[in-house]
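Visitor: quick one, fold the following:
(chains A and B)
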Amino acid sequence: GAGVSQSPSNKVTEKGKDVELRCDPISGHTALYWYRQSLGQGLEFLIYFQGNSAPDKSGLPSDRFSAERTGGSVSTLTIQRTQQEDSAVYLCASSPPGKNIQYFGAGTRLSVL
Amino acid sequence: KQEVTQIPAALSVPEGENLVLNCSFTDSAIYNLQWFRQDPGKGLTSLLLIQSSQREQTSGRLNASLDKSSGRSTLYIAASQPGDSATYLCAVRIFTGANSKLTFGKGITLSVRP
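Guide: Here you go, the predicted model:
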């Protein structure tokens, strides 16, 4: 596609349920990033993929958060046993090889009731 | 730990005014600095990227400057228009060995009144 695509755009879930958020990067982009934007907070880095491997997972806030990337393309961020503090906008970005510029998707707005 | 600060959090100006948005960062060992625009419910759009060796970048009515030694950047918007209303985010990129990580400020929400 023309840009980074994220789905769903909005997700409402109950506390304790698991959720999966999807990111389709721009075709050919080897690097993929997940960020979280909470109300009143800046964007927090969560995890970085280069191809299918994740050399930097330092931003994942707890072991309830995990992410994977397959085929060097689509990535899924999974949050298990969601808590109310997980409510935020989750943004995905991708970068082409050798370029340090990130292109962002529109995000998934997660609301945990 | 790198921290990025943007003050004020919100700004309201009349149409036509020239304005400056400020960004400061605590660690001058950055690779580059990027200004983004975020519209409500949307993702981020990159506006300008300044490499650490550069002093400024210009695009249309926008001009971004970088003073790495003092840990400051400014985004200058000339002849502001209502369509400029959005949140403007500043982010610095550092290398952490495994990753070139972006650290963001909380953004400045700009409202341009007709």
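Visitor: near chain A, anything from the strand of greatest length in chain B?
Guide: Identified as the longest strand of chain B according to DSSP state E is strand B:86-95. Yes. Strand B:86-95 reaches chain A (CB under 8 Å from any CB of the partner chain) through B:89, B:91, B:93. Placement of C-beta: from N, CA and C, glycine included.
Visitor: now do the phi/psi pair for the residue of chain A positioned farthest from its centre.
Guide: What lies farthest from the middle of chain A is A:G98; by CA atoms, centre = their mean that is 21.3 Å. Dihedral pair for A:G98: phi 70, psi 0, per degrees, to the nearest 10.
Visitor: quick check: phi and psi on the residue most central in space within chain A?
Guide: Taking CA atoms, centre = their mean, the centroid of chain A lies closest to A:W34, which sits 3.5 Å from it. Note on A:W34: backbone dihedrals following degrees, to the nearest 10 are phi -120, psi 140.
Visitor: hey, what's it bridged with?
Guide: A:I47, A:C92 (DSSP bridges).
Visitor: state the distance from B:N22 to B:S53.
Guide: In this view, B:N22 and B:S53 are 22 Å apart by CB to CB, to the nearest Å.
Visitor: which one of these two is surrounded by more residues?
Guide: Neighbours around B:N22 and B:S53, counted as other CB atoms under 10 Å in any protein chain shown, are more numerous at B:N22. The numbers are 15 against 8.
Visitor: element containing the nearest residue to B:S111 once chain neighbours are set aside, please.
Guide: Of all residues not flanking B:S111 in the chain, B:S12 sits nearest, at 4.4 Å (CB to CB, 6 or more residues apart in numbering or on different chains). In the assignment (DSSP states H and E), B:S12 maps to strand B:10-14.
Visitor: brilliant, that's me finished.
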